[in-house]
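**Student:** Got a predicted model here, sequence first, then my questions.
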Amino acid sequence: MLSRLLALLLVLFSGNMQANEFPVEIIEFIDNARVVAFINENDIDETSYWLPSAGSPELSIEDALNAVQQHIAADPDITAAELDELKLKQIPHHQRHWNYLVKMKITNHGKPHASYFVVLMNGKVIPAVREPGAVK
């Protein structure tokens with residue numbers, strides 16, 4: 001009886017595990033900092049293709065910055081952030097999919113701090129993390 005119950009539980013849980021997908025890890029360098037973000041494959045698939053030779057990207061720099069500002073608006077510690085650096089980058093292993101890598105400068109209690117974001121071409125903002133001590 002116990003073995004049947006364990007077999008049933010195994011089938012139930014293994015089905016749920018297969019439905020989950022692992023996010024794509026993106027490692028980029030910006031301003032001598034190694035930055036990591038995790039993006040769901042579905043989020044990448046929902047963005048449109050872009051070829052640099054075909055014209056401007058679907059999402060402008062202004063739209064990307066507005067998306068970041070909207071994303072951070074709820075956090076009073078970083079609402080006064082200013083753009084420090086922005087790069088247009090191709091998503092590794094995803095031909096014709098691009099994103100903006102954004103570094104925002106924040107001053108909290110007189111100390112400078114940076115926050116990093118990846119902005120997909122559909123305007124979705126994904127927070128990124130600087131690896132401690134990682135320098136290019």
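**Tutor:** Yes, it's here. Quantities reported herein were computed from a predicted structural model and do not represent experimental measurements.

**Student:** Just after the strand or helix carrying residue 101, pick out the following helix or strand.
**Tutor:** Per DSSP states H and E: residue 101 is located in strand 98-108. Per DSSP H and E, the first helix or strand lying C-terminal to strand 98-108 is strand 111-120.

**Student:** Per-residue pLDDT of residue 63, please?
**Tutor:** Predicted confidence (pLDDT) for residue 63: 96.

**Student:** count of residues packed around it?
**Tutor:** Neighbour count for residue 63, taken as other C-beta atoms under 10 Å: 15. To be clear about C-beta, it is placed using only N, CA and C from the backbone, and glycine gets the same treatment.

**Student:** So residue 65, which state does it fall into?
**Tutor:** Following DSSP: H, G, I helix; E, B strand; the rest coil, residue 65 is assigned to helix.

**Student:** so what's it closest to, chain neighbours aside?
**Tutor:** Spatial nearest neighbour of residue 65, chain neighbours left out: residue 83 (6.2 Å); criterion: C-beta to C-beta, 6 or more residues apart in numbering.
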